[in-house]
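Asks: Sequence and predicted structure below; questions after.
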Amino acid sequence: MDYNKLAELLFPHIDKTQEYYEELFPVRDLPKGAEVLRMAPSPTGFIHLGNLYGALADERVAHQSNGVFYLRIEDTDLKRKVEGAVETILSTFKYFNINYDEGAELGGNYGPYYQRQRAEIYQAFAKKLVSEGKAYPCFCTEEELNEIRDKQTRLNEGTGYYGKWAVWRDAPLEKIEERLKEGKPFVIRMKSMGNPEVKHTFHDEIKGDIVVVENNMDAVLLKTDGIPTYHFAHAIDDHFMRTTIVLRGEEWLGTLNIHLELFDMLGFELPKYAHTTVLMKIDENGTKRKLSKRKDPELSLDYYRALGYHPYAVKIYLMTILNWNFEQWFLKNPDKSIDEFKFSLDKMGQSGTLFDLDKLNNICKTYLAGFTLEQMKDYLKEFVKTYHADLYDVYFGDEETMDKILTLGMGLNLKKRRKDYINASQILESISFYFDETFKREDEFKYDKEQVDEILKLFIESYDYSDDNGMWFEKVKTIAEKCGFATDMKAYKENPENWKGSVADVAETIRVAVVGRRNSPDLWSIMQIMGAERSINRIKEVL
RNA sequence: GGCCUGUUGGUGAAGCGGUUCAACACAUCGCCCUCUCAAGGCGACAUUCACGGGUUCGAUUCCCGUACAGGCUACCA
């Protein structure tokens, strides 16, 4: 078999050699110990928390070692390609402040960074492999492939295109020429020399030593459209983009053997590999169930962005599940930046990580509790502008009022800050009662109408806007006494049956009337902010 | 079906043959403080590390089986 002739036949237009590309993409001149990592998303729609999880690890390892972190768009699958997906990816990474040094939309010396634009490079190496007898064209149609698979299942043999099932593997040149003349479509497959009976141990940077079985599949390298599959693109790109650590999800463990064989065939030096665990999620109904991240829209980053989760807080959360020792470091160094933490691959978990919303929320609370008033306002303004533009004037028309609302809500006036703000939408929700446009009555009164009216009427009669907090509460106590409610909490707790309720219940009644909820920050302060007229009107509404 | 990977409490998770081996954090639950909420203080929360064997003076830690979970087995990544 004249492999050179075959190669020319298949790729007449390709004339670039390996040497050409090796020179075009020289080994990077980097300081000792510097690592080159990449994030390589596919533009197939939304990106989820798992992508960020990986990207953050990539970014940390690269930058921490004074290396390079680049972005490559893996757009080889046009069937799954979604319009605008690249923009979503870029804007999301921008929102979460994941900064890459080179790559898509940024450029660099190792591009192009969109795989579709690298077709010629892949083909050059496909040609090289063919000329060396390490790859060959396959003219099997989808139907034929299905037939093979059916037969294999019937015979209880492993499915796939390999060994004796690989019908085009040793096809004579004439037969190939014939098909070519007919203009039949073909793919290029690797001619695997592996034996699945043979096992090797392989060192993974995260998993440690793992068993890898030799590959024997004649995997597709180039699809009929001349675009590579993931496997081939991975080998070529990570070699010529001079990646030093391939960090990716553990779903790639199963095809690692193909990649190892490919690097060997191509004569490329093998990069280090680091396979991360897959992020999973707790089911809504409370039962612990591991879900695939793929189909779960709640894991979409847009979802968190639209809820107004602070990007930095999300990163803190991700770091805590990325490296088990991060959390304790961060507790000790609350003022330090994430970037100062020494991230290491061997501090990553081995088993699947469940996404924990409670934990995320807790981290967000503590993070936002460190905000100044100005930071909080900027953050909220930005969010309202993007997602609730119609409410911008309601919230920020009168900034002085907003300052007071947030000061109270954040507990800026307390020695210890409040920690109940999780994300922007939740904050807006929690302060919605201040504005008539967004006010809703959410909680019911605990007592009957007659009792409620009695309390509220007495309150209106005695209310004076100029009273201070102490005076205000004294008056509430007076009302409590008049209505038969306990004013001494201790006494009430000992013998609750002696009263209708306590001052707490009286205060709650007023609170429900004014803010529509049983719980809120200090009521006197709220009424000070809302003003006497509006507060009293709220009460009159329910009489 | 075959192959690979994993299995410590509600969750994340430390532990890497033996005097804190069950750390820490979140969640939950009590109590205190308190006009509610939040915050804060104190305390509770795995006699046990999926199960069954084995190695050993001794195993959560090593070995073997079983079960369960996840992944791969595409001209998807």
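Replies: Noted; the coordinates are in hand.
Asks: show me what contacts residue A:498?
Replies: By C-beta atoms under 8 Å, 6 or more residues apart in numbering, the residues touching residue A:498 are A:486, A:491, A:492. (Each C-beta comes from the backbone N, C-alpha and C, glycine too.)
Asks: Return the distance of the last one relative to RNA strand B.
Replies: So that's residue A:492. When distance is defined by C-beta to the nearest atom of the strand, to the nearest Å, residue A:492 is 9 Å away from RNA strand B.
Asks: who touches that residue in this structure?
Replies: Each residue near residue A:492 by C-beta under 8 Å, 6+ apart is listed here: A:486, A:498, A:499, A:502.
Asks: Figure out how far the strand or helix carrying it is from the centre of its chain.
Replies: Here residue A:492, judged by DSSP states H and E, is contained in helix A:489-494. Averaged C-alpha coordinates place helix A:489-494 at 50 Å from its chain's average position (C-alpha atoms, centre = their mean, to the nearest Å).
Asks: Any buried residues in that helix, and which?
Replies: residue A:492 (16 or more other C-beta atoms under 10 Å).
Asks: Could you list the low-pLDDT ranges of the stretch 301-450 of chain A?
Replies: Scanning the stretch 301-450 of chain A for pLDDT under 70 picks out no residues.
Asks: Contact residues of it facing RNA strand B?
Replies: Selection of the stretch 301-450 of chain A residues close to RNA strand B by C-beta under 7 Å from any atom of the strand yields A:320-321, A:324, A:327-328, A:331, A:349-354, A:356, A:358-359, A:362, A:365, A:411, A:414, A:416-420.
Asks: quick one, strands of chain A?
Replies: According to DSSP state E, chain A carries its strands in the segments A:36-39, A:68-71, A:102-103, A:135-138, A:187-190, A:199-204, A:208-213, A:220-222, A:245-249, A:272-276, A:279-281, A:353-355.
Asks: Lowest average confidence across those strands, which one?
Replies: Confidence, taken as mean pLDDT, is least for strand A:279-281 of the strands of chain A (a mean of 75).
Asks: For residue A:403, which non-adjacent residue is spatially closest?
Replies: Leaving aside its chain neighbours, residue A:403 sits nearest to residue A:373 (6.3 Å; criterion: C-beta to C-beta, 6 or more residues apart in numbering).
Asks: Would you check that that neighbour makes contact with residue A:407?
Replies: Yes: using C-beta atoms under 8 Å, residue A:373 is in contact with residue A:407, at 6.3 Å.
Asks: what's the neighbour count on residue A:527?
Replies: Residues contacting residue A:527 under the criterion other C-beta atoms under 10 Å number 23.
Asks: what number of residues lie near residue A:392?
Replies: 12.
Asks: tell me which parts of the stretch 1-150 of chain A are close to RNA strand B?
Replies: Checking the stretch 1-150 of chain A against RNA strand B by C-beta under 7 Å from any atom of the strand, the hits are A:40, A:42, A:74, A:76, A:77, A:79, A:80, A:140, A:141, A:142, A:145, A:149.
Asks: I'd like to know which of these are buried.
Replies: Of these, these count as buried by 16+ other C-beta under 10 Å: A:40, A:42, A:74, A:76, A:140.
Asks: show me what contacts the closest residue to RNA strand B within the stretch 151-300 of chain A?
Replies: Nearest residue of the stretch 151-300 of chain A to RNA strand B, counting by C-beta to the nearest atom of the strand: residue A:254, 2.8 Å away. With contact set as C-beta under 8 Å, 6+ apart, residue A:254 has no partners.
Asks: Quick check: the gap between the spatially most distant residue from the centre of chain A and RNA strand B.
Replies: Distance from the centre of chain A peaks at residue A:482, with 57.0 Å (C-alpha atoms, centre = their mean). Going from residue A:482 to RNA strand B by C-beta to the nearest atom of the strand gives 16 Å.
Asks: Just give me the neighbour total for the spatially closest residue to that residue that is not a sequence neighbour.
Replies: The shortest distance from residue A:482 to any non-neighbouring residue, by C-beta to C-beta, 6+ apart, is to residue A:458 (6.4 Å). Counted with other C-beta under 10 Å, the neighbours of residue A:458 add up to 19.
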